[in-house]
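K.L.:
quick one: sequence and predicted model below, then my questions.
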Amino acid sequence: MTRHPLTAVLAIALAGLVAGTAVFAVTVKSDYDKNVDFKKFKTFAMKKGTEAPTPFAQERIIAAVKNELKARGLAESENPDVFVYTHAKVSTEKRVDVTSFGYGGYPGWGGWGGSFGTSSAMVTDVPMGTLIVDIVDAKTDQLVWRGIGSDTLLTNPTPEKSEKRINKGVAKLFTKYPVMPAGEKKK
């Protein structure tokens with residue numbers, strides 16, 4: 001069977017796009033107190049946690065968290081059932097890219113010897129953002145849910161891209177919350 005050269009190019013491009021998407025997807029984890037009935041929580045209040053590096057990012061995070069809680073039937077209140085804390089952290093991780101070209105070597109006296117190839121390694125710093133959302137029972141002052149989301153940060157994002165990424169990241173983080181938005185079923 002003969003393949004058209006363009007088909008091979010498209011397949012390689014698609015594989016690169018899928019791999020690139022997987023590498024830069026938001027990673028989320030959560031944990032919660034399994035003995036707590038989350039449906040009893042009807043109100044929340046935001047509390048000061050660890051703020052994002054910029055006031056704009058902090059405002060977007062708070063707005064996204066409020067939207068997710070409201071979608072789950074909670075309303076803001078001065079006398080809430082739960083307090084919500086956000087903690088934002090920016091760090092740098094090392095990424096190593098290794099490339100190798102050539103042939104492995106050839107048999108010679110005493111085993112394998114020589115090589116006809118080159119290898120190189122490039123180390124780059126990748127900015128990472130981590131968001132932690134803690135939900136604390138206001139009556140008992142006990143942590144009842146924690147969600148953690150991490151993702152690579154864009155350098156010089158537009159305000160629109162920043163807001164979109166924060167909204168998507170927080171929405172993905174809240175898929176781990178025990179109460180789903182109104183009208184959705186737990187998967």
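P.N.:
Sure, I can see it.
K.L.:
tell me the confidence at Tyr103?
P.N.:
In this model, Tyr103 is scored at 57, pLDDT.
K.L.:
same check, this time on Thr7
P.N.:
The predicted local distance difference test score for Thr7 is 32.
K.L.:
tell me the backbone dihedrals of the most centrally placed residue in the chain, please.
P.N.:
In the chain, the C-alpha closest to the average C-alpha coordinate belongs to Val26, at a distance of 2.3 Å (C-alpha atoms, centre = their mean). The main-chain torsion angles of Val26 are listed as degrees, to the nearest 10 and equal phi -70, psi 130.
K.L.:
show me the contacts for it.
P.N.:
Contact criterion C-beta atoms under 8 Å, 6 or more residues apart in numbering gives 149-151, 168-169, 172-173 as the residues in contact with Val26. All C-beta atoms are positioned from the backbone trio N, CA, C, and that covers glycine.
K.L.:
hmm, try it at 10 Å
P.N.:
Applying C-beta atoms under 10 Å, 6 or more residues apart in numbering to Val26 gives the contacts 129, 131, 149-152, 165, 168-173.
K.L.:
could I get those as TSV with pLDDT, distance to Lys70 and secondary structure?
P.N.:
Compiled in TSV, the contacts of Val26 are given as follows (pLDDT from 0 to 100; distance: C-beta to C-beta, whole Å; DSSP: H, G, I helix; E, B strand; the rest coil):
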residue	pLDDT	distance to Lys70	secondary structure
Gly129	81	24	strand
Leu131	90	18	strand
Gly149	90	19	strand
Ser150	85	25	strand
Asp151	81	23	strand
Thr152	75	28	strand
Arg165	86	20	helix
Lys168	90	17	helix
Gly169	89	17	helix
Val170	92	12	helix
Ala171	92	13	helix
Lys172	92	17	helix
Leu173	91	15	helix
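K.L.:
now list the buried members of these.
P.N.:
For the contacts of Val26, burial is judged from neighbour counts taken by 16 or more other C-beta atoms under 10 Å, and it is met by 129, 131, 149-152, 165, 169-173.
K.L.:
about what we covered before: so how far is Val82 from the residue nearest to the centre of the chain?
P.N.:
Between Val26 and Val82 the distance is 23 Å, computed by C-beta to C-beta, to the nearest Å.
K.L.:
what's the answer for Val96, then?
P.N.:
Here the distance between Val96 and Val82 works out to 42 Å (C-beta to C-beta).
K.L.:
looking at these two, which is more packed in?
P.N.:
Between Val96 and Val82, counted using other C-beta atoms under 10 Å, Val82 has the larger neighbour count: 23 against 8.
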